[in-house]
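J.: model the following, please.
(one chain, ligands or ions: 1)
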Amino acid sequence: MDKKTILSGIQPSGNLCIGNYIGALKHWNKLQKDYESIFLVVDMHAITTNQVPSELRKRCLSFVAQYIACGINPEKNDIIIQSHNSHHAELMWILSCFTYQGELSRMTQYKSKSKNLKNINTGLFTYPILMAADILLYQADLVPVGSDQKQHLELSRDIAQRFNKHYTDTFKIPEPFIPKNGSRIMSLQNPNNKMSKSDSNSNNIISLLDDPNLIRKKINRAVTDSGSELTFDKKNKPGLSNLITIYKALTSDSIDVIEKRFLGKMYSHFKSDLADIIIETLSPIRDEYNMLIKDKDYLMKILAKGSNNGFRKSRNTISKVYRKVGFLPKLK
Ligand code: TRP
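T.: Have a look, this model is predicted:
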């Protein structure tokens, strides 16, 4: 039997951070063994907010190198820059004719992203349709995402089901894969918000490429809560609990074991150990990245392979869709 397909993607806005590593890349790394995998760099999603063109271009290539440095095997899997396969945009248009305005206005991410904006671009509003196109285009079985993307995934399923019902079976209905452990890493200074790579305050995030001194500094400065006992208590000690979650995700130790290990010790002791663990995890990634990023030709070749394979797969879906909606085929 053919292997099932997983598909996921990250927006190249800001620097990949430890939240992306724990919530996504670490899981992708495991899943790639058992699935045919497609990992996207969703640059078309990124331009829903303002981007400096030269930086976006650089960041896309840097993301590819970081995916590989985190253990994604580029030979076995396809790494694709979203804009390299025009089928994403083509399918999105058709799916948008099967999506209700009401559905999009209920998306919590849209509501929070558009809250303080004056002129809201339509891309921000139709963003989830592009995400549905990403997924349905490649007939993905499983989509690893953070819990904040669950609603978008449900919309993708609804759109797919609607299309299948209106015509005949066309799209596979994708299942979400939401990791239980540490899927939500919070900001270091503001532990009530998610750690976000596009945060303008870099003290809130640990980037995958931060050097050891900076990591230590950021962890030392991370807010903890008053008190001196190291206990996991999200409600009353959100800052400390976030740090414990990071510790747990990187060591696979249980909270119980961690609490016992630091019984009677100071927060500073815990922070220093945590910084060591993060540095140990990220150093090999940074080293590998520094090698890869020098070899632009190699990265470009990986991307050409990815988008060619991707295009081949998605062409099947697109031609089926064009036929079903009634577009006149052109002479070959
Ligand atoms: N919207 C996702 C996020 O912000 C990124 C994304 C775009 C994605 N297309 C996708 C995730 C397809 C999974 C599958 O995290």
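J.: for Asn181, report the pLDDT, please.
T.: With respect to pLDDT, Asn181 has a value of 63.
J.: how close does the residue of the stretch 151-300 of the chain at minimum distance from the ligand get to Thr108?
T.: As assessed by Cβ to the nearest ligand atom, the ligand sits closest to His152 within the stretch 151-300 of the chain, at 5.9 Å. In short, each C-beta sits where N, CA and C put it, glycine included. Distance check for His152 against Thr108: by Cβ to Cβ, to the nearest Å, it reads 10 Å.
J.: repeat that for Leu16.
T.: Applying Cβ to Cβ to Leu16 and Thr108 gives a distance of 24 Å.
J.: settle it for me: which of those two has more neighbours?
T.: Remark: of Leu16 and Thr108, Leu16 carries more neighbours, 25 against 11, as counted by other Cβ atoms under 10 Å.
J.: wait, doesn't the more buried one sit right on Ser198?
T.: No - look at Leu16 against Ser198 with Cβ atoms under 8 Å: they stay out of range, at 11.0 Å.
J.: with just CA atoms, put the helix or strand bottoming out on mean pLDDT in the chain into PDB.
T.: The helix or strand of the chain with the poorest confidence is helix 108-114; it has a mean of 92 (mean pLDDT, DSSP states H and E). What follows is helix 108-114, C-alpha atoms only, in PDB (Å, rounded to 0.1, in the frame of the first residue of the first chain):
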ATOM      1  CA  THR A 108     -10.600  33.500  15.500                       C
ATOM      2  CA  GLN A 109      -7.100  34.100  14.000                       C
ATOM      3  CA  TYR A 110      -8.700  36.600  11.600                       C
ATOM      4  CA  LYS A 111     -10.600  38.300  14.300                       C
ATOM      5  CA  SER A 112      -7.500  38.700  16.500                       C
ATOM      6  CA  LYS A 113      -5.100  39.700  13.600                       C
ATOM      7  CA  SER A 114      -7.500  42.300  12.200                       C
END
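J.: helices or strands up against it?
T.: Counting contacts by 3 or more Cβ pairs under 8 Å, 6 or more residues apart in numbering; DSSP states H and E, helix 108-114 is packed against helix 122-137, helix 150-166.
J.: got the buried residues for it?
T.: Residues of helix 108-114 classed as buried by neighbour count (16 or more other Cβ atoms under 10 Å): 110, 113-114.
J.: mind putting these in TSV, distance to the ligand included?
T.: As requested, these are exported to TSV (distance: Cβ to the nearest ligand atom, whole Å):
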residue	distance to the ligand
Tyr110	11
Lys113	10
Ser114	15
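J.: nearest to Val42 among these?
T.: Among these, Lys113 lies closest to Val42 (Cβ to Cβ), at 15.0 Å.
J.: just to check, Lys26 is in contact with Ser252?
T.: No - if you go by Cβ under 8 Å, Lys26 and Ser252 don't touch, sitting 10.6 Å apart.
J.: of the two, which one has the most company?
T.: More neighbours surround Lys26 than the other of Lys26 and Ser252, with 20 against 8 (other Cβ under 10 Å).
J.: the host helix or strand of the more buried one close to the ligand?
T.: Using DSSP states H and E, Lys26 sits within helix 26-31. No - figure legend: helix 26-31 not in contact with the ligand (Cβ under 6 Å from any ligand atom); closest approach 10.5 Å.
J.: thanks again, I'm all set now.
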